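Fold the stuff below for me.
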Amino acid sequence: MGGEFVMLSLVPIAIGVLAAIACALPGNFLVLRRQALIGDAISHVVLPGIVVAFLVTGMVNSWAMMAGAAGAAVVAVMLIELIRRLGRIEPGAAMGVAFTALFAFGVLLLEQSDTSSVHLDVQHALYGNLESLIWVEATGWGSLLDPVALAGLPPELPRIAIVAAATLLYTLLLWRPLKISTFDEGFARVLGMRTNLIGLSLVIMAAIAAVAAFDAVGSIIVIAMFICPPAAARLMTNRLEVQVLWSVAFAVFSAVIGYVLAGYGPLWLGGEDAVSAAGMIATVSGLVLAIAALYAPHRKRSGAPADA
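Okay, here's the model as predicted:
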């Protein structure tokens, strides 16, 4: 039983957990800045960046795709500002125009490009590939100490682990400027902080986290984890430090329980087939947010600013 779990489920669960954490950390600041839909938008913007990176390099190289996604995020931010200034429309409308157009462009590129020889298509981009990331070389828990078996780990695991660590490092290093500019942008400018660059770095970091999770878990989990765990955590406390910890806990819980329910829930109910792990993880994160909205201690004060 242990060998089967290590081979079939350990790596997908670990990848789901790391992807959820990598998205939830920047998601806290996006939610507090009232820019939660940027997380949704980023998951759409990275699509043309990924496709362009594939077309330029000719192979599914995740580091090249991360660069493409980060570039697409920068282009999107510049396009939003251009539309807002030239059209003199409010930022939300400019954001909707830019992200919808870029996502549609990415879908057109996917359909018109020769991507049949690689695992790169619209369905893959939406649902990901989590269930197939099994550890074939594993024979049991002892494989965690076996260098030969470890060499056979799916490459998505070390990749998302590096990005999750980078996201954590970014949050720790830029904690003070992120916190100050999030709660009082005017005061941050008085202190000499480049708030526009801080905001841009947050978008780029979120884009990198999104594309790292994109290949394995698809855009559904990316969208859910940018918003649901941070929003639920916001209802639990008015302290930013505590909120971040709550968001990580909710992200981990959603990833683990969602994967287990996707694989075994239908069997427990008499069904024969498992359901999408990405869809179930997103569903669990939504249920966590719904429960927090009903029972969390700060649910009646959610409109008040959090304490710095």
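
which sections of the protein are below the confidence cut-off?
Along the chain, the parts satisfying pLDDT under 70 run over 1-3, 39-40, 43, 58-63, 91-92, 113-128, 215-216, 219, 270-272, 298-308.

Recalculate using a threshold of 50.
116-119, 121-122, 302-304 (pLDDT under 50).

Grab the longest helix from it for me.
In the chain, ranked by residue count with DSSP state H as the criterion, the top helix is helix 195-234.

Could you pull out the buried residues of that one?
Applying a neighbour-count criterion of 16 or more other CB atoms under 10 Å, one finds 195, 198-199, 201-234 buried in helix 195-234. Every residue, glycine included, has its C-beta placed from N, CA and C.

Repeat that for stretch 96-108.
The neighbour-count criterion (16+ other CB under 10 Å) identifies 97-99, 102-103, 105-107 as the buried residues of stretch 96-108.

which of those residues lies closest to residue 238?
Residue 238 lies nearest to residue 99 out of the buried residues of stretch 96-108, by CB to CB, at 30.8 Å.

Now do the closest one against residue 282, distance only.
Separation of residue 99 from residue 282 (CB to CB, to the nearest Å): 19 Å.

Also residue 175?
28 Å.

These two: which is more packed in?
residue 282 (23 against 13; other CB atoms under 10 Å).

related to what we said a few turns ago, show only the entries of the buried residues of stretch 96-108 found in strands.
With DSSP state E as the criterion, strands contain none of these.

so which of those residues comes closest to residue 44?
After measuring those against residue 44 - CB to CB - the closest member comes out as residue 103, at 3.7 Å.

which non-adjacent residue is nearest the closest one?
Nearest residue to residue 103 in three dimensions, chain neighbours excluded: residue 44, at 3.7 Å (CB to CB, 6 or more residues apart in numbering).

Regarding that neighbour, which helix or strand does it belong to?
According to DSSP states H and E, residue 44 maps onto helix 36-57.

try residue 182
helix 175-183.

From the chain's centroid, how far away is that helix?
How far helix 175-183 lies from its chain's middle: 21 Å, per CA atoms, centre = their mean, to the nearest Å.

So that it lines up with my notes, have the first residue be 730 from now on.
In the new numbering, first residue 730, that becomes helix 904-912.

so what does it touch, helix or strand wise?
With contacts defined as 3 or more CB pairs under 8 Å, 6 or more residues apart in numbering; DSSP states H and E, the packing partners of helix 904-912 are helix 740-761, helix 914-919, helix 924-963.

would you list these in a markdown table and tack on distance to residue 895?
Putting those into a markdown table (distance: least, CB to CB, whole Å) gives the following:
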| stretch | distance to residue 895 |
| --- | --- |
| helix 740-761 | 8 |
| helix 914-919 | 23 |
| helix 924-963 | 7 |
